[in-house]
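What follows is a predicted structure for the sequence shown.
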Amino acid sequence: MVLAQLELSVWFVRAVAFVWGCLWASFVNVVVHRVPREMSVVRPASHCPACGAPVRAWDNLPVVSWLVLRGRARCCGARISPRYVVVELLGGVLSLGIVEVVVRALPGDTTLVHAGSVFLADFALAMALVAAAFIDAEHMYLPDTITIGGTLFGLATPGLRGIGFGDAAFGAAVGFVGVWLPFIVGYKALRGRSGMGVGDAKLVMLAGAWFGWPGAAFALFAGAIQATIGAVVLVLVQGRIDEPEAVRKDREALTLAAAEGDAEAKRALEEDPLGTAPAAGIMAARLPFGPFLCLAMIEWLLAAEWIQSRVGGL
Ligand SMILES: [Zn+2]
């Protein structure tokens, strides 16, 4: 079997890709909820975030159950965040997008095994980026399992993206150093605090490992432009940029523990750049950068050729 034969049943392939994406994104919702809380992502099975009752399989269908139950839990009527549906639909759309843009662009004589491997790797990347974006937006931290794990996976599979190991390794190095040196070391020397977190540097390292240095450069520049637009929109709409609620609550819990003599909490507060409340004013506002980097990486995943044809040098 080669790829060209799938063209006969292209609507079937599209439907399967969309449903597949929604199902896995359902798991991404579990990751987004549990990983920052240091809970296992496999056990226990899904339960209601409000009352803890187990969720029956029938009420756990991606998108459909949320619509049927009108965004409320069957057990206790608690409101279920629309984030669950948004993530599930994102999974379906990204899965479909990878099939349309990446897989169907492969030569017609590509074996199904190779085409399937390309799809699975890119889909895994897309789901990891969605998880990272939502975790960073809520908690302002990017898990190493995603950034470092994704980098290693990218270094192991450059052939699936038609680049060599050298390109991937160079891209990863450029990505990390290109953020760490100016925005963490340099910025701290000039202004006494870092302009970005080490997690952001590791995320750009992942972009480089996956796409080579042009992908890392695009992630950083497009991420910065999008973050600026995001900040302007937030200021126009709300008049200010609020620190995520979970970050403030974590710091309050740590401060309380430190005041009661918990040495570990005290050290965590001193070492973590989020350990002090943000100063007043827009320039000191804390906006998570990870979601904007993830968005730029997804743009590159789906439209690198289009972007390269318009931006010379990349
Ligand atoms: Zn409930």
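That came through fine.

what's around residue 161, how many residues?
By other C-beta atoms under 10 Å, 20 other residues sit near residue 161. In this view, the C-beta of every residue, glycine as well, is placed from N, C-alpha and C.

Next, the contact list for it, please.
118, 210, 211 (C-beta atoms under 8 Å, 6 or more residues apart in numbering).

Scan those residues and report the most crowded one.
Ranked by neighbours (other C-beta under 10 Å), the contacts of residue 161 are led by residue 210, which has 31 neighbours.

Doesn't residue 181 lie inside a helix?
Yes - if the criterion is DSSP: H, G, I helix; E, B strand; the rest coil, then residue 181 is within a helix.

Surely residue 109 and residue 1 touch.
No - the pair residue 109 / residue 1 is not scored as a contact, 10.9 Å apart, by C-beta atoms under 8 Å.

list the helices and strands the longest helix along the chain packs on?
Secondary structure of the chain per DSSP state H: the longest helix is helix 112-139. Packing contacts for helix 112-139, counted by 3 or more C-beta pairs under 8 Å, 6 or more residues apart in numbering; DSSP states H and E, involve helix 10-34, helix 83-97, helix 144-156, helix 198-211, helix 245-259, helix 290-310.

how about 6 Å then?
helix 10-34, helix 83-97, helix 144-156, helix 290-310 (3 or more C-beta pairs under 6 Å, 6 or more residues apart in numbering; DSSP states H and E).

Take these and lay them out in TSV including mean pLDDT, distance to residue 269 and mean neighbour count.
What follows is these, written out as TSV (pLDDT from 0 to 100; distance: least, C-beta to C-beta, whole Å; neighbours: other C-beta atoms under 10 Å):
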stretch	mean pLDDT	distance to residue 269	mean neighbour count
helix 10-34	94	24	18
helix 83-97	96	29	21
helix 144-156	97	21	18
helix 290-310	95	22	19
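
Now render those helices as TSV, adding distance to the ion.
Output for the helices and strands packed on helix 112-139, formatted as TSV (distance: least, C-beta to the ion, whole Å):
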stretch	distance to the ion
helix 10-34	14
helix 83-97	14
helix 144-156	29
helix 290-310	29
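
about what we covered before: give me the angle between the longest helix of the chain and helix 10-34.
Taking axes from the mean of the first three to the mean of the last three C-alpha atoms, to 10 degrees, one finds that helix 112-139 is oriented at 30 degrees with respect to helix 10-34.

so where's the stretch 51-200 of the chain uncertain?
Applying pLDDT under 70 to the stretch 51-200 of the chain picks out no residues at all.

need the residues of it near the ion, please.
With C-beta under 5 Å from the ion as the criterion, the stretch 51-200 of the chain comes near the ion at residues 51, 53, 73, 75, 76.

Of these, which belong to helices?
Among those, no member lies in helices (by DSSP H).

Format the residues you listed as TSV; extra columns: neighbour count.
Formatted as TSV, those follow (neighbours: other C-beta atoms under 10 Å):
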residue	neighbour count
51	11
53	12
73	18
75	16
76	11
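
Can you say which of the helices and strands packed on helix 112-139 is nearest to residue 60?
helix 10-34 (7.3 Å; C-beta to C-beta).

of the residues of the stretch 51-200 of the chain next to the ion, closest to residue 18?
residue 73 (25.5 Å).

Can you tell me the closest non-neighbouring residue to that closest one?
Of all residues not flanking residue 73 in the chain, residue 48 sits nearest, at 4.8 Å (C-beta to C-beta, 6 or more residues apart in numbering).

Residue 201 too?
Residue 201 sits nearest to residue 179 (C-beta to C-beta, 6+ apart), 3.9 Å away.

separation between that neighbour and residue 186?
In this view, residue 179 and residue 186 are 11 Å apart by C-beta to C-beta, to the nearest Å.

Which one of the two is surrounded by more residues?
Neighbour count, other C-beta under 10 Å: between residue 179 and residue 186, residue 179 has more, with 27 against 13.

so the more buried one touches residue 203, yeah?
No - when contacts are counted by C-beta atoms under 6 Å, residue 179 is not listed as touching residue 203 (8.4 Å).

What score does the residue of the stretch 151-300 of the chain found nearest the ion have for pLDDT?
Residue nearest to the ion within the stretch 151-300 of the chain: residue 246 (20.9 Å; C-beta to the ion). Note on residue 246: pLDDT of 84.

Pull the contacting residues for residue 222.
If you count contacts by C-beta atoms under 6 Å, 6 or more residues apart in numbering, residue 222 has them with residue 296.

Next, the buried residues of the helix or strand that it is a member of.
For residue 222, the element it lies in under DSSP states H and E is helix 213-238. For helix 213-238, the buried set under the neighbour-count rule, 16 or more other C-beta atoms under 10 Å, comprises 213-220, 222-224, 226-227, 230, 234.

which of these sit farthest apart?
Greatest spacing in the buried residues of helix 213-238, by C-beta to C-beta: 213 and 234 (31.0 Å).
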